[in-house]
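Asker: what follows is a predicted protein model with its sequence.
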Amino acid sequence: MFGSKARTDAREGMTLIAEEAYFHGTLSAKGSLRVEGTFEGDITDAVDVVVGAHGRVLGDIAAESLTVAGEVSGNVVASVSVELFSSARLTGDVRTPKLKIDEGAFFDGACAMGDGAERPRRRRAKTEPEPERPADAVS
């Protein structure tokens, strides 16, 4: 049992910060993380991060996916998806290819989707005139 050297996949591991718990620092979670208490600091290398209805994260999050029912105040980078439930409050910038925000959720920040290379460029229509430059403008 304890002496066994059986290996487990990191994705099977779940770290829980309970409702009464307070964590301060940086956490590199190689598996999944569920925050029901208060977490102050940065979360890195996580597979799935879930911030429960009573959970609070004050810091940046880097994970494959993030699901928020509580509060996050910090920037988020998720390589797969971000989902904000109706009770969620997220203040910070988000970079992810897939974003779902339920009605009633609060989001205050900027969002970038994709890897940046796919960013559309605004093109002027042929009927749209060139913008005028002031006569004293230097080229």
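Answerer: Sure thing, it's come through. Numbers count the residues shown, from 1 in each chain.

Asker: what does residue 29 show for phi and psi?
Answerer: As for residue 29, its main-chain torsions (degrees, to the nearest 10) stand at phi -100, psi 110.

Asker: pull the contacting residues for it.
Answerer: With contacts defined as CB atoms under 8 Å, 6 or more residues apart in numbering, residue 29 is in contact with 15, 43, 44, 45, 46, 47, 49, 63. Just so you know, the C-beta spots here come from the backbone N, C-alpha and C atoms, and that holds for glycine as well.

Asker: would you enumerate the residues in contact with residue 65?
Answerer: Residue 65 sits in contact with 47, 48, 49, 78, 80, 81, 82, 83, where contact means CB under 8 Å, 6+ apart.

Asker: show the pLDDT at it.
Answerer: At residue 65, the predicted lDDT confidence score is 97.

Asker: what does residue 13 give?
Answerer: For residue 13, pLDDT reads 80.

Asker: how about it: what's its closest non-neighbour residue?
Answerer: Among residues not flanking residue 13 along the chain, residue 31 sits closest, at 3.2 Å (CB to CB, 6 or more residues apart in numbering).

Asker: where are the low-confidence patches of this protein?
Answerer: Counting by pLDDT under 70, the ranges of the chain that qualify are 1-12, 115-139.

Asker: take the contacts of residue 65 and keep only those in strands.
Answerer: 47, 48, 49, 78, 80, 81, 82, 83 (DSSP state E).

Asker: report the buried members of the residues you listed.
Answerer: Neighbour counting by 16 or more other CB atoms under 10 Å classes 47, 48, 49, 78, 81, 82, 83 among the ones in strands among the contacts of residue 65 as buried.

Asker: list just the nearest of those to residue 109.
Answerer: Nearest to residue 109 among those, counting by CB to CB, is residue 82 at 11.1 Å.

Asker: does that closest one really touch residue 100, like I thought?
Answerer: Yes - applying CB atoms under 8 Å, one finds residue 82 in contact with residue 100, separated by 7.4 Å.

Asker: for the residue positioned nearest the centre of the chain, give me its contacts.
Answerer: Closest residue to the average C-alpha location of the chain: residue 76 at 2.9 Å, with CA atoms, centre = their mean. Going by CB under 8 Å, 6+ apart, residue 76 touches 60, 61, 62, 66, 82, 90, 92, 93, 94, 95, 96.
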